[in-house]
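**Q** Output the structure for:
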Amino acid sequence: MDNSRKFDTKVQYLKYKVLREVARLAWEGTLLENIMDIPQTIVPGTTPTMRCCVYKERAILGERVKLAMGGKIENRNVIEVIDIACDECPAAGYEVTDSCRGCLAHRCEEACKRGAISFDHNHVAHIDKSKCVECGQCAKVCPYSAIANRKRPCQVACKINAISINENKAAAIDYDKCISCGACVYQCPFGAISDKSYILNAIDVIKKSKAENSKVFAIVAPAIYSQFSYAKVGQVVSGIKKLGFHTVVEVALGADIVAQAESLELVEKGFLTSSCCPAFVSFIEKNYPELLPNVSHNMSPMGALAKYIKEHTENAKVIFIGPCTAKKMEMKREEVNRYVDSVLTFEELQALFDSRDLNISELEEDVLDNASYFGRIFARSGGLSEAVVEALKEQGREDFEVNAVTCDGIEECRKALILKSKGFLKENFIEGMACQGGCIGGAGVLTHGDRNKARVDEYGRQALEKKILDATSVLNM
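**A** Model prediction:
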């Protein structure tokens, strides 16, 4: 199969090729002496494929290699801008288009309080960027809708306004606002914004496992069923084990654990917001700190499952594999980093498979069946709320009515949090998912598709355990 067809975009494919080469050399133990050769391996010859010349392409690839190796150490955030790759988008802001008729009314001029609008000899309006403050009043009054707001794709994608344009016309991220959701990463047409990779950490953990007599657990997010469409889930599991993992466990089992605990916490407090999406939790921390006491004190499914594994398996190592870039930030939290040793996205898992020349579609199917239907549907928007209702039912607390607001994307999260902060929210549970569609819409997936939700529901129905308590009973909790 053509590897490029495994991804939505050629930007993802380029990112994958860098990750694959870095991983291949890391497995061989020859990365340091061959780092400088990777850009030319990917872009050989003298004919450019994407940019003005091969030299610029290779320079940008050199920056991608750095991100594949963990990025800038001094920057603790996981999303970074490759400045030299961010130069093809038009200047952002309000611009006068060809629709301007040079009318006599000049409403745009009257609306502008900064004197930023002037007219040429043909009476066509122009905007002085040095004076414009992007208020948009001129656009509102133009009778021809001739003034357009040319926002860059990354700015449109970032619903929390964490991206601006710096003096060099490149994107700049305000890390005091950024929640590491990765929306800008997926939407940037030139791949100038990317997430750091910890693929080398994962390879290091696996390579050292024999010498250290450690067992490396891969805990995989339930969104996996919506990915790797060219193979079966059982074949993906086999491929993960062939990479050197001792055991593969569903994070959906962690979701079952969380559903039980979070449902009882909701009864105790009367109002609760979920803690499963790290980007959503970060959004509350940075914008609604007064609501932090109402954020569930339970760890996310990743944290809960990793904690259980570490506490019940001697010398265990845990690597999370899923669709989420924000999990890389969650891994750094003090309460989580003792349990999670590394985080990989599905993009990075594909690169690992191919770095070892594993064609997973040719492998025998292994088994992945550790969770309930309700744990598995955590992967899509609304699944968490359904699981909380089910958990209360199974625990005999049907006397408590869950009135949930399901927030599909960070904009809906903001609306619910504003209502709560103002005392106008009637619901008693906020399920917050920063990505559209839930985890299946994460920035680290191979493909985004309308069928992903249906595939996750299908995966849930395949679970042998139909109840949450049946799934968690094996844990002796």
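
**Q** what about residue 425, is that helix, strand or coil?
**A** coil (DSSP: H, G, I helix; E, B strand; the rest coil).

**Q** If we ignore the residues flanking it in sequence, what's nearest it?
**A** Using C-beta to C-beta, 6 or more residues apart in numbering and skipping the chain neighbours, the partner closest in space to residue 425 is residue 419 (4.1 Å). Where you see a C-beta, it was placed from the backbone N, CA and C, and this is true even at glycine.

**Q** Report how many residues lie close to residue 200.
**A** Neighbourhood size, residue 200 [other C-beta atoms under 10 Å]: 17.

**Q** pLDDT score assigned to it?
**A** Residue 200 is assigned a predicted lDDT (pLDDT) of 97.

**Q** Okay, buried residues for the helix or strand harbouring it please.
**A** Take DSSP states H and E as the rule and residue 200 turns out to sit in helix 199-212. For helix 199-212, the neighbour count (16 or more other C-beta atoms under 10 Å) marks 199-203, 205-206, 209 as buried.

**Q** Next: stretch 283-301.
**A** By neighbour count on 16+ other C-beta under 10 Å, the buried set for stretch 283-301 is 283-284, 287-288, 291, 294-296, 298-301.

**Q** who's in contact with that stretch?
**A** Outside of stretch 283-301, the residues within contact range by C-beta atoms under 8 Å, 6 or more residues apart in numbering are 160, 176-177, 179, 251-255, 257-258, 261-262, 265-266, 269, 271-278, 281, 304, 307, 330, 335-336, 375, 378, 410, 413-414, 417, 420-421, 432, 434.

**Q** Just the buried subset of the residues you listed, please.
**A** By neighbour count, with 16+ other C-beta under 10 Å, these hold 160, 177, 179, 251-255, 257-258, 261-262, 265-266, 272-278, 281, 304, 307, 330, 336, 375, 378, 410, 413-414, 417, 420, 432, 434 as buried.

**Q** Narrow the residues you listed to those in strands?
**A** Under the assignment DSSP state E, those contribute 272-273, 432 to strands.

**Q** pLDDT and distance to residue 70 added to the residues you listed, as TSV?
**A** Output for these, formatted as TSV (pLDDT from 0 to 100; distance: C-beta to C-beta, whole Å):
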residue	pLDDT	distance to residue 70
272	96	35
273	96	32
432	95	29
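
**Q** Same list, those residues, but as CSV with distance to residue 214 please.
**A** Below are those laid out as CSV (distance: C-beta to C-beta, whole Å):
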residue, distance to residue 214
272, 36
273, 36
432, 35
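
**Q** Between these, which sits nearest residue 99?
**A** Nearest to residue 99, judged by C-beta to C-beta, of these is residue 432 at 40.2 Å.

**Q** what stretches of the protein score poorly on pLDDT?
**A** 1, 91, 450-451, 476-477 (pLDDT under 70).

**Q** Now with 80, please.
**A** Applying pLDDT under 80 to the chain picks out residues 1-5, 88, 90-92, 369, 449-452, 474-477.

**Q** Now for residue 84: which residues touch it?
**A** Neighbouring residues of residue 84 by C-beta under 8 Å, 6+ apart: 56, 59-60, 63.

**Q** Show me where the stretch 1-150 of the chain has its helices.
**A** Taking DSSP state H, counting those that start in this stretch as the test, the helices found in the stretch 1-150 of the chain are 10-28, 31-34, 38-42, 54-68, 107-111, 137-141.

**Q** which parts of the first one are buried?
**A** This points to helix 10-28. Neighbour counts over helix 10-28 (16+ other C-beta under 10 Å) mark 11-27 as buried.

**Q** cool, and the fifth one?
**A** Using 16+ other C-beta under 10 Å as the burial criterion, the residues of helix 107-111 that qualify are 108, 111.

**Q** could I get that helix in PDB with only the CA atoms?
**A** Extracted in PDB, the C-alpha atoms of helix 107-111 (Å, rounded to 0.1, in the frame of the first residue of the first chain):
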ATOM      1  CA  ARG A 107     -18.600  54.600   5.100                       C
ATOM      2  CA  CYS A 108     -15.400  52.600   5.800                       C
ATOM      3  CA  GLU A 109     -13.400  55.800   6.300                       C
ATOM      4  CA  GLU A 110     -16.000  57.300   8.600                       C
ATOM      5  CA  ALA A 111     -16.100  54.100  10.700                       C
END
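
**Q** thinking again about what came up before, kindly present the buried residues of helix 199-212 as CSV, with separate columns for distance to residue 246.
**A** As requested, these are exported to CSV (distance: C-beta to C-beta, whole Å):
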residue, distance to residue 246
199, 19
200, 20
201, 17
202, 14
203, 15
205, 11
206, 10
209, 7
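
**Q** hang on, the earlier thing: tell me how far the helix holding residue 200 lies from the chain's centre.
**A** Put simply, helix 199-212 sits 24 Å off its chain's centre (C-alpha atoms, centre = their mean, to the nearest Å).

**Q** try stretch 390-401
**A** On C-alpha atoms, centre = their mean, the centre of stretch 390-401 falls 32 Å from that of its chain.

**Q** What separates the first and last residues of that stretch, distance-wise?
**A** 11 Å (C-alpha to C-alpha, to the nearest Å).
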